[in-house]
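Chemist: Quick one: sequence and predicted model below, then my questions.
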Protein chains: 4
Amino acid sequence: MTSFESDYNNGAHPIVLQHLIETNNAQSASYGFDQWSEQAKDKIRQACDCPDADIFFLPGGTQTNATVIDSVLASYEGVIAVETAHINVHESGAVEAYGHKVITLPSHDGKMDANELNQYLQAFHADPTCDHMVFPGMVYITFPTELGTLYQAEDIEQIHTICQHFDIPLFIDGARLGYGLMSFDCDFDLPWLAHHCDVFYIGGTKVGALCGEAVVFPRGNAPRHFFNIVKRHGALLAKGRLVGVQFDALFTDDLYFHIARQAIDKALQLRQLFIKANVPIKDSPTNQQFVTLTNSQMQQLLSHVLFETWEPIDDTHTLCRFVTSWATTDDDMAQLSQALDALNN
Amino acid sequence: MTSFESDYNNGAHPIVLQHLIETNNAQSASYGFDQWSEQAKDKIRQACDCPDADIFFLPGGTQTNATVIDSVLASYEGVIAVETAHINVHESGAVEAYGHKVITLPSHDGKMDANELNQYLQAFHADPTCDHMVFPGMVYITFPTELGTLYQAEDIEQIHTICQHFDIPLFIDGARLGYGLMSFDCDFDLPWLAHHCDVFYIGGTKVGALCGEAVVFPRGNAPRHFFNIVKRHGALLAKGRLVGVQFDALFTDDLYFHIARQAIDKALQLRQLFIKANVPIKDSPTNQQFVTLTNSQMQQLLSHVLFETWEPIDDTHTLCRFVTSWATTDDDMAQLSQALDALNN
Amino acid sequence: MTSFESDYNNGAHPIVLQHLIETNNAQSASYGFDQWSEQAKDKIRQACDCPDADIFFLPGGTQTNATVIDSVLASYEGVIAVETAHINVHESGAVEAYGHKVITLPSHDGKMDANELNQYLQAFHADPTCDHMVFPGMVYITFPTELGTLYQAEDIEQIHTICQHFDIPLFIDGARLGYGLMSFDCDFDLPWLAHHCDVFYIGGTKVGALCGEAVVFPRGNAPRHFFNIVKRHGALLAKGRLVGVQFDALFTDDLYFHIARQAIDKALQLRQLFIKANVPIKDSPTNQQFVTLTNSQMQQLLSHVLFETWEPIDDTHTLCRFVTSWATTDDDMAQLSQALDALNN
Amino acid sequence: MTSFESDYNNGAHPIVLQHLIETNNAQSASYGFDQWSEQAKDKIRQACDCPDADIFFLPGGTQTNATVIDSVLASYEGVIAVETAHINVHESGAVEAYGHKVITLPSHDGKMDANELNQYLQAFHADPTCDHMVFPGMVYITFPTELGTLYQAEDIEQIHTICQHFDIPLFIDGARLGYGLMSFDCDFDLPWLAHHCDVFYIGGTKVGALCGEAVVFPRGNAPRHFFNIVKRHGALLAKGRLVGVQFDALFTDDLYFHIARQAIDKALQLRQLFIKANVPIKDSPTNQQFVTLTNSQMQQLLSHVLFETWEPIDDTHTLCRFVTSWATTDDDMAQLSQALDALNN
């Protein structure tokens, strides 16, 4: 059945797969010291306009978050995030497992408010009891957010300025980075982003790879012995080339961005279908779309296409998530269109 | 240049790769709930003769060790291993990162001595101060060991009996399990192993896969909420199918064992070459071979083939490691043979 | 200068000190196996009407919380607490240091709402993604709360019933337990409390001791090897008698309760003084009193008596905390009365 | 019965107790900001000849070790110690609980050999796989050792020089520091020690206090936010004065050293008694004495005096430990003498 459940329910994008096939028989150094990893790093440095960037490839998102956060924080520091942040909700406490608190601020459609961040940090340092509290040591935001929303350049600039003022790094979780950058609502590009934070990662798993994320410390500012920290977190692949080869393909001829744009285009079509069907749909400029279905509509639709039930709204309505990806086909859209037509009759 | 550096310097075995290609376009559930993961688990259960086994796929070895050990131990317990154990030396303290001590016993060519284990456990429980000490909560051994050696069935049986007597589980790290089972010196098979320990893993990364290890709790004895523990360790792949598909291929038509046997055959040939060349070689029945080279021999050889320098023996000799795999070709052997011939002239 | 800053700015209650003096020259077993610790445990068991209780003496509150919570939770579990809970705010992340998340619910004057707890737990277990989340493994409440407020018997009964329904233990932090039990607003006694939770501690440091807290597992339900866990947390005193002797005194002739009642009496007098002086004072039935002072009043008062500024209310007003204890004298009250009189002129 | 079981089976030295009594009624700031703590720190700075030293008071030894080690190490670093080190054997894994490995070297009567340390560090940094290993981040030694032995100035100087060469700090656990410094075999004093390490602690619990250890960073080199780290470890006493007052007494009129000398004198007398009784006794220049008793002698003696059985030597002999302290009386010595006389008849 056609599935809009997630952007990680397929294999790899065909071009990524092709590069894995072509390189399969060549021998290489292990642990990420192979030629494709090196090439991929160079291409990412160029795409970010960060010639001195330190780049590392890790297998998955939760591990990347836990490793980066743990590598940057002192033992007595925590990471600031909004309540709906992935690290606060859906990573099974992987950050706390390494001893660090997630300090939460309110979520505004998944986003952090710069003023609230500033107020929290001001209040913390003014508090005479702060030596009994967890020190804020990093700010974590997601782009796009878990709810598909986007920060504008101005938002990120404000947050970054506050971080610099308080001398704490800004970390941007880009599990779906491509979908954010390729959204028509995004008013900046990858180099701009790389110059307005201290560390971020370029998500591969959800943007065409079988697995893998690329961590970027844009100014060669990786923490000392980051390689060792990656190993300690169990995040070092013996065949590091597996991720390197995939990112080598993703950052050749802008494939990463084409993949993302394709999903955005499909998301816009999908929005039109729901609007035409008079189904309430949230504003979202990325590849995750949230619609409010009556429970009976939900049941009807589920017999034709797969999607995720996000959370109950009231006794008779449910918020549901539809996700597009590079693998979403015109045929998938036709299936959904038919299912929605049936709904209204 | 021909490389004998490791068994993880290639891509995937062609049949494994082929299965990834064939399944690439199909959609599936994520986080390991896909059809290939399910199939692979069934095939492994059959190969182990353990119909009730709990099976989980994780991306890499260090992570698998840290996750399994942490899942089984109580907070105040440590894991017993020999001094040369991978978890004690080459995993950057990943076990300690989750709060657990590695309690060491002497290494006998990489192996644990059952009597020494028994003495340690007897002494621990007889010690009136043991409530101030880390409790032994698990025994960890590797098969084959880091030095390429093997336990005999009798050895493992003794260790397992001691574990049962003291009510602590036995965990066998099988990063290179295939090479052990397919060695001509091995006097047991996979089902026997599965019935003589409490948890083990079947290494994929070093036996033909791009990545991935299969953890087996043979009697359905996975710790409660093991899935959640895997996630907390950052070891849950969104596209869990990546490992599932590969193990599905590896456990179809005994591919896993064929791959391993092929490497063993090549290792025996390689032994003959060194013996013929009068180079001292250690007894090793698996795919890792250790030879003693004069430093001048080592330099000469390194200009023709790649291998790992293991450790200095004295000022003029070095222990070197040569590893074979499914990817080792007759041509590779010819290259080595020529290089060795050149050495003696 | 007279101080109302806290209930831990004196030495020990004279009777507690006297017992330390009397026992000083006697030799004893170490690590809490001395006769006074044993006696004290018996007396506490009797006071709680819990003949089978497991009792342990630890040096301080933060350590007691971290140790008890870590001892009860599985690695993948977190502890539920209100946002203002001491463990969430003022213990420098000691709970997270051992890998556990503090899961927060709203604070209602420092108290947890039973319905909100129930809703959270219902929603958690209904959430299909809960296997990616930190499992709730314990409920933590404080009695009295950090804000001096009290739960009624009915509140605790409801919370405990919910805990039992979801099979998670209820832990009551009694750093100031005496002041709660001796408040005129408290509608239960120590045995009732001991029978309506799974573990609690009787605070000594803030109720007349130099240091020390008594952890009570009322039904002999201490986690396995709790002694070892205490040691692992660095919470085992070599001269365990130091705390044992003090609790032996505190639970002889109801001293613990007399000390607390004395502080409550003084708190009621203090309330009268503020009311008479027309200073707004919050409802609080225990030994911590919170008043709203203009900043100019605050400055004037601070030149006569010491107290804690709690938090700014607005640009011209500050919430201030006055705490009484067994050591608060009639003379202290007179000083405060004079200072308040001066204020109004 | 007379006890030689330990140096922590009494209360406080009478002068220490007296100071607690005298200061009991005065009010003070909490968390160690009281006047006695300040005074005590000044006196310790003077005794160490370290005017810039950072000094902190913690309640007990295990906690002090875990806190200091965790505060100094990076997440990926471990601490080097000999196999018999207290942190490696008798602290229930408190160091590992915070994620750090204890890296062991051989024990020579409880002491670390400078050459072996140097060899280990050389080999580590020469090892091409060291990025997969736990980095050595600190050296931990005990003075006196757990076996009552002492390093000479030359030994410590060598170890410290190696530490400086490899840029890792040297930490000296002085749980029984006084007994070491006051031994007739010690060829240095407290200021010398303070200038030949990077952090050490002056043990109070075993040298006359009820509890408490003084951590000294001799050159004002405490890690950033050490106070917060202490709190996070649960090692911050609300009534910090409890330890401050005791150290104020211990470092007035050289009381700390008098107490230790008294125990050394008694230890020498005790040695004479065993020698006279023809009981084999190990060389030990401090207050812990180790004798080899036949099991029948041991049983006979145990009916007259208390002491600790250390470890079985063979089927018929046991190594036993006798410890003296400031509280050991002439009468105690007479009891032992009688018991030994009885033995020989």
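Modeler: Thanks, I have it. Nothing here was measured: the structure is a model prediction, and the numbers come from that model.
Chemist: For stretch A:9-27, give me every contacting residue.
Modeler: With contacts defined as CB atoms under 8 Å, 6 or more residues apart in numbering or on different chains, stretch A:9-27 is touched by A:3, A:36, A:208-210, A:241-242, A:245-246, A:248-250, A:255, A:259, A:325-327, B:3, B:9-12, B:14, B:17, B:20-21, B:23-30, B:210, B:239, B:241, B:327. From N, CA and C alone the C-beta is placed, and that goes for glycine too.
Chemist: Filter those down to the ones in strands?
Modeler: Among the contacts of stretch A:9-27, the members falling in strands (DSSP state E) are A:Ser3, B:Ser3.
Chemist: List only those of the contacts of stretch A:9-27 flagged as buried.
Modeler: A:3, A:36, A:208-210, A:241-242, A:245-246, A:248-250, A:255, A:259, A:325-327, B:3, B:9-12, B:17, B:20-21, B:23-24, B:27-30, B:210, B:239, B:241, B:327 (16 or more other CB atoms under 10 Å in any protein chain shown).
Chemist: quick one, helices of chain A?
Modeler: A:14-23, A:35-48, A:61-72, A:86-89, A:94-97, A:114-126, A:153-165, A:177-181, A:190-194, A:226-232, A:241-250, A:255-276, A:295-302, A:330-343 (DSSP state H).
Chemist: How about the contacts made by the nearest residue to A:Lys206 once chain neighbours are set aside?
Modeler: Closest residue to A:Lys206 apart from its sequence neighbours, by CB to CB, 6 or more residues apart in numbering or on different chains: A:Asp7 at 4.6 Å. A:Asp7 makes contact with A:Arg176, A:Tyr179, A:Lys206, A:Val207, A:Ala263, A:Asn287, A:Val323, A:Thr324, A:Ser325 under the criterion CB under 8 Å, 6+ apart.
Chemist: Now do A:Ala342 against A:Met333, distance only.
Modeler: Separation of A:Ala342 from A:Met333 (CB to CB, to the nearest Å): 15 Å.
Chemist: neighbour-wise, which of the two wins?
Modeler: Legend: neighbour count by other CB atoms under 10 Å in any protein chain shown for A:Ala342 and A:Met333, higher for A:Met333 (18 against 12).
Chemist: rewinding a little: from the contacts of A:Asp7, pick the one nearest chain B.
Modeler: Distances from chain B to the contacts of A:Asp7, taken as CB to the nearest CB, are shortest for A:Lys206 (7.2 Å).
Chemist: Around that closest one, how many other residues sit close by?
Modeler: By other CB under 10 Å, the residues close to A:Lys206 number 24.
Chemist: OK, contacts around it?
Modeler: For A:Lys206, the contact set (CB under 8 Å, 6+ apart) comprises A:Ser6, A:Asp7, A:Tyr8, A:Gly61, A:Ala175, A:Arg176, A:Tyr179, A:Ser325, B:Ala238.
Chemist: thought A:Asn287 was touching A:Ala267?
Modeler: Yes: the pair A:Asn287 / A:Ala267 is scored as a contact, 4.8 Å apart, by CB atoms under 8 Å.
Chemist: More neighbours: which of those two?
Modeler: The residue with more neighbours, out of A:Asn287 and A:Ala267, is A:Asn287; 32 against 25, by other CB under 10 Å.
Chemist: Just read off the phi/psi values of the more buried one.
Modeler: Main-chain torsions, A:Asn287, degrees, to the nearest 10: phi -90, psi 0.
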